[in-house]
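Enquirer: show me how the following folds:
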Amino acid sequence: MLSVHTSPLHQPGTGDAGGMNVYIVELARQLAQLGIEVEIFTRATTGGLAPAVELAPGVLVRHVDAGPYEGLKKEELPAQLCAFTHGVMQAWARHRPGHYDLVHSHYWLSGHVGWLAAQRWGVPLVHAMHTMAKVKNAALAEGDAPEPAARVIGETQIVRAADRLVANTAEEAGELARYYDADPARTAVVHPGVNLTRFRPADGRAAARARLGLPQDALVPLFAGRIQPLKAPDILLRAVHLLLEEDPGLRGRLVVPVVGGPSGSGMARPEGLQKLAAKLGIADVVRFRPPLGQEALADWYRAASVLVMPSYSESFGLVAIEAQASGTPVVAAAVGGLPVAVRDGLTGYLVAGHDPADYARALRRFAAEPDRVTRMGAAAAEHARGFGWAAAARRTADVYADALAARRGRLRSLHV
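Expert: A predicted model of the protein is given here:
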């Protein structure tokens, strides 16, 4: 596996680490359980890292020196792909011929390294986009910069080169065909999973609130994720402002946790969002928390009344499934894979568009009827149980087997 721009060992919610990190870690662990040995190549971001670290039995993370360790922005990484590819080839050269059977690249930067590696080794390339430039550019948040033309060109090349493409949802598969002319016969839909051992209702909302010091009778709409225009945490704050304008009495029992860090190098702080909270007059109810480990994050999910995801684009929305698995309903934008992750009206509500008034209207339902949290939370936990990582790994292993069989078939036909 290749993950150039973010390490599976990084804390999700920091820098460029997010759902893709969780995806790679959990998928690799489950593939190893199926007897598939996995080596994950990622760029070293600090000095002194061990060249190889065992993530789990059968899963090895290899650190590749490519460019400065710290302070390198994602936009600057294309210039380091040659160095990264060289590091991958050096590791390969220390093995016997045929050591790697298949390359699975994640995100377009990794796809370019994977394309070269797969060609050099004579093995299939399986690629997962995770996000796509053309899709993001079609639904930009205000103030968000469009993805560069170089990425669009790069993604187009990878789609053409890959033996198989893995899409999170049928909608994403359709976007690959529509925007990049991907061959549907070479595109497989594999829903991401959720760690059902970690994310579960456990001892319930009351106990989680007691641990976190939250009032038992509070309405707690939670945002969890990277603080960036794409994820639109500002829409939640604006919705809360509208909610309090209509019902000032709610202020005494409203707590709005924002859990996560800024996207990018991690050098900045979410000051813009803090200033917005002050400008809207809701700084007293908003609580900013740094990115958390998975166990601590699960407790925040359990404590919340509802998770709010007003994203402009989501290839799937792992956070939505994690929250539901923890017994918490979700209010989310009806974009990308979120209509698959959230069952509208049963496990939460899908909102068409990004008008804060629509999100305020959805939150008002939970404020007016607290039992709705319990009822929809139970349905959410039941729904999420259908998204275990073991099933995702089995489906991915089938994609690998299909890609390998197709390549063998082509080689046989060349020798006939």
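Enquirer: low-confidence stretches in the stretch 301-416 of the chain?
Expert: Where the stretch 301-416 of the chain drops to pLDDT under 70, the residues are 415-416.
Enquirer: quick one: buried residues of the helix or strand hosting residue 411?
Expert: Counting by DSSP states H and E, the element that carries residue 411 is helix 389-415. Going by neighbour count (16 or more other Cβ atoms under 10 Å), the buried part of helix 389-415 is 389, 392-393, 396, 399-400, 402-404, 407. The way it works is simple: take the backbone N, C-alpha and C, and place the C-beta from them, glycine included.
Enquirer: same check on stretch 154-164?
Expert: Of the residues in stretch 154-164, those with enough neighbours to count as buried (16+ other Cβ under 10 Å) are 154-156, 158-159, 161-164.
Enquirer: of these, closest to residue 273?
Expert: residue 155 (29.9 Å; Cβ to Cβ).
Enquirer: contact partners for the closest one?
Expert: Shown here is residue 155, whose contacts under the criterion Cβ atoms under 8 Å, 6 or more residues apart in numbering are 108, 111, 129, 132-134, 180.
Enquirer: that older thread, give me the subset of the buried residues of stretch 154-164 lying in helices.
Expert: When those are checked against helices using DSSP state H, the ones located there are 154-156, 158-159, 161.
Enquirer: now render the residues you listed as a markdown table, adding distance to residue 35 and pLDDT.
Expert: Converted to a markdown table, these look like this (distance: Cβ to Cβ, whole Å; pLDDT from 0 to 100):
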| residue | distance to residue 35 | pLDDT |
| --- | --- | --- |
| 154 | 33 | 96 |
| 155 | 32 | 97 |
| 156 | 35 | 97 |
| 158 | 28 | 98 |
| 159 | 30 | 98 |
| 161 | 28 | 97 |
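Enquirer: between the residues you listed, which is closest to residue 170?
Expert: residue 159 (17.0 Å).
Enquirer: residues in contact with that closest one?
Expert: If a contact means Cβ under 8 Å, 6+ apart, then residue 159 has 127, 165, 176, 180-182 as its contacts.
Enquirer: next one: residue 367
Expert: 219, 243, 247, 250.
Enquirer: highest neighbour count among the residues you listed?
Expert: Using other Cβ atoms under 10 Å as the neighbour criterion, residue 243 leads those with 26 neighbours.
Enquirer: OK, contacts around that residue?
Expert: Residue 243 makes contacts with 250, 254, 360, 363-364, 367, as judged by Cβ under 8 Å, 6+ apart.
Enquirer: so how far is the helix or strand where it lies off the chain centroid?
Expert: Under DSSP H and E, the secondary-structure element containing residue 243 is helix 233-246. Relative to its chain's centre, helix 233-246 lies at 25 Å (Cα atoms, centre = their mean, to the nearest Å).
Enquirer: tell me which residues in that helix are buried?
Expert: Counting neighbours by 16+ other Cβ under 10 Å, helix 233-246 gives 233-244 as buried.
Enquirer: what would these look like in a markdown table with distance to residue 69 and pLDDT?
Expert: Conversion of these to a markdown table gives the following (distance: Cβ to Cβ, whole Å; pLDDT from 0 to 100):
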| residue | distance to residue 69 | pLDDT |
| --- | --- | --- |
| 233 | 29 | 95 |
| 234 | 32 | 95 |
| 235 | 35 | 97 |
| 236 | 34 | 98 |
| 237 | 35 | 98 |
| 238 | 38 | 98 |
| 239 | 40 | 98 |
| 240 | 39 | 98 |
| 241 | 41 | 98 |
| 242 | 44 | 98 |
| 243 | 44 | 97 |
| 244 | 45 | 97 |
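Enquirer: now distance to residue 281 too, for those, in CSV please.
Expert: What follows is the buried residues of helix 233-246, written out as CSV (distance: Cβ to Cβ, whole Å):
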residue, distance to residue 281
233, 17
234, 15
235, 17
236, 15
237, 11
238, 12
239, 14
240, 10
241, 7
242, 12
243, 12
244, 8
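Enquirer: for the residues you listed, which one is nearest residue 29?
Expert: Proximity of the buried residues of helix 233-246 to residue 29 (Cβ to Cβ) peaks at residue 233, which lies at 29.7 Å.
Enquirer: hey, what's the closest residue in space to that closest one that isn't next to it in sequence bridged with?
Expert: Taking Cβ to Cβ, 6 or more residues apart in numbering, and ignoring the residues beside it in sequence, residue 233 has residue 223 as its nearest neighbour in space, at 4.8 Å. On the basis of DSSP bridges, residue 223 is bridged to residue 258.
Enquirer: looks to me like residue 91 is in a strand.
Expert: No: when the secondary structure is assigned by DSSP: H, G, I helix; E, B strand; the rest coil, residue 91 falls in helix instead of a strand.
Enquirer: what about it, neighbour count?
Expert: By the criterion of other Cβ under 10 Å, residue 91 has 16 neighbours.
Enquirer: low-confidence ranges, the stretch 1-150 of the chain, go.
Expert: Scanning the stretch 1-150 of the chain with the threshold set as pLDDT under 70 gives 11-18.
Enquirer: assign residue 41 to helix, strand or coil.
Expert: Secondary structure assignment for residue 41 (three-state DSSP): strand.
Enquirer: gap between it and residue 262?
Expert: Plainly put, residue 41 is 26 Å away from residue 262 if you go by Cβ to Cβ, to the nearest Å.
Enquirer: more neighbours: these two, which one.
Expert: Ranked by neighbour count (other Cβ under 10 Å), residue 41 and residue 262 place residue 41 first, with 25 against 20.
Enquirer: what is that one paired to in the beta sheet?
Expert: residue 2, residue 62.
Enquirer: cheers, nothing more for now.
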